[in-house]
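Asks: predicted model follows, preceded by the sequence.
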Amino acid sequence: MTKKFKILKVMKVGNIMVRSGPTTREAEEFAKVNAELVEVFDANKNDVIAAARDADIIVMGSVPVARWIIEAAPKCIAIMCQSVGYDSIDIKAATENNILVVNNPSFEWCIEEVSNHAITLLLDCAKKVKFLDGMVREGRWAEAKKAQPWMGSIYGETLGIIGCGAIGRMVARKAKVFGLNIIGYDPYIMHPWLAKENGINLTSFEEVLKSDFVTLHPDLNETSFHMMNEKAFAQMKPSAFLINTSRGKVVDEPALVKALQEKKIAGAGLDVFETEPLPKESPLMKMENVVLLPHSASYSTPAFDLAPINIAIEVTRILTGKLPKNVVNKSVTPRVKLV
């Protein structure tokens, strides 16, 4: 009898993005390798531990894959992340337990959606869309008209991109249409010609901070953690805007609040935060020059259809003895018989 594989997904109770069971395309992929998707909710830790005990692969749902989940899954050979970012997975614990960690830098959904989101925030910061909309709704039409002279422009301005990977490069390609001058910084870039090909002139971190708009697209790691700190904000223009669609912890949030309060920078467009959901008492909540979004840069109907399909295809690859395309911890020796 053919072995049946178990794919475990741990979901958060009450998460609005929860979709019960696999999509038709996912089910088709899983059927190829006789695999079953099992969803467990995090309300009861004992239930998660019990479900992890015989899981062959863990797919990160809406709950971080912490060490305790990894150590409860002795049979697990891979952990699948549905996004490009994988900081919600304990990479050290996975590596220590000889488990592959696989992320999902799919062009179809993540790169397009997140780059569009960054451009949207940039335009909102420059043209004051949210702010002026609020004034009109409050019956302050005349005041809104008077506010227009201090509205910004983006044509001829400089966009500084920190992190020139696939998303950063796509932002550059789209930003060129608006007439922005584009510079970038990325200490990890392996092929500088890719940046140049997409219109990015690579320079130093300090030079990028002098831009009119600074958009963040690095991975979260020891180098990028709090890279936007008090020292960094002090080097930005008082007229500059910060855009963040990467990870909240790239920015030292108290330092950002201080920079905004002291008018060291003009404003910010934020999709991610150090603590999520953003606490109601956060000073950012009361700032009119800050656009706040709920970590939704990758969201779209096509994205929710494509992301799990790509993961299912990778699961099929692993369970048929092939290496996945996007291994994060490459030092791990796969616990599968490769063909």
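Replies: Thanks, I have the structure now. Treat the numbers as computed from the prediction; the structure is a model and nothing was measured.

Asks: residue contacts, the most centrally placed residue in the chain?
Replies: Centrality entry for the chain: nearest residue to the mean C-alpha point is Ser246, 4.6 Å, by C-alpha atoms, centre = their mean. By C-beta atoms under 8 Å, 6 or more residues apart in numbering, Ser246 lies in contact with Gly85, Gly163, Leu216, His217, Pro218, Asp219, Leu220, Val272. (Glycine included, C-beta is placed from N, CA and C.)

Asks: surely the fifth one and Val250 touch.
Replies: Yes - distance between Pro218 and Val250: 6.2 Å, which falls inside the contact criterion (C-beta atoms under 8 Å).

Asks: so what sits against both of these two?
Replies: Ser224, Met227.

Asks: what sits against the closest residue to Lys127 other than its chain neighbours?
Replies: With C-beta to C-beta, 6 or more residues apart in numbering as the criterion, Lys127 has its nearest non-adjacent residue at 5.9 Å, and that residue is Met151. Residues near Met151 by C-beta under 8 Å, 6+ apart: Ala126, Lys127, Lys128.

Asks: now the residues you listed as a markdown table including distance to Ala94, secondary structure and pLDDT?
Replies: Formatted as a markdown table, those follow (distance: C-beta to C-beta, whole Å; DSSP: H, G, I helix; E, B strand; the rest coil; pLDDT from 0 to 100):
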| residue | distance to Ala94 | secondary structure | pLDDT |
| --- | --- | --- | --- |
| Ala126 | 41 | helix | 94 |
| Lys127 | 44 | helix | 92 |
| Lys128 | 45 | coil | 90 |
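
Asks: PyMOL command to pick out the buried ones of those?
Replies: Burial among these is assessed by 16 or more other C-beta atoms under 10 Å; the matching PyMOL selection reads:
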select buried, resi 126+128
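
Asks: ok, so of the contacts of Met151, who is nearest Glu206?
Replies: Glu206 lies nearest to Ala126 out of these, by C-beta to C-beta, at 23.4 Å.

Asks: the residue nearest to that closest one when sequence neighbours are not counted - how many residues pack around it?
Replies: Nearest non-adjacent residue to Ala126, counting by C-beta to C-beta, 6+ apart: Gly152, 4.1 Å away. By other C-beta atoms under 10 Å, the residues close to Gly152 number 17.

Asks: how about the one 3 residues further on?
Replies: When counting by other C-beta under 10 Å, one arrives at 9 neighbours for Tyr155.

Asks: helix, strand or coil: sort out it for me.
Replies: Three-state call for Tyr155 (DSSP: H, G, I helix; E, B strand; the rest coil): coil.

Asks: now do the domain split for this protein, please.
Replies: 5-106+300-319, 153-292 (automatic domain parsing).

Asks: rewinding a little: closest to Pro308 out of the contacts of Ser246?
Replies: Gly85 (16.7 Å).

Asks: tell me what Phe41 is bridged to.
Replies: Note on Phe41: beta-bridge partners by DSSP bridges are Met11.

Asks: that's all I had, so thanks and see you.
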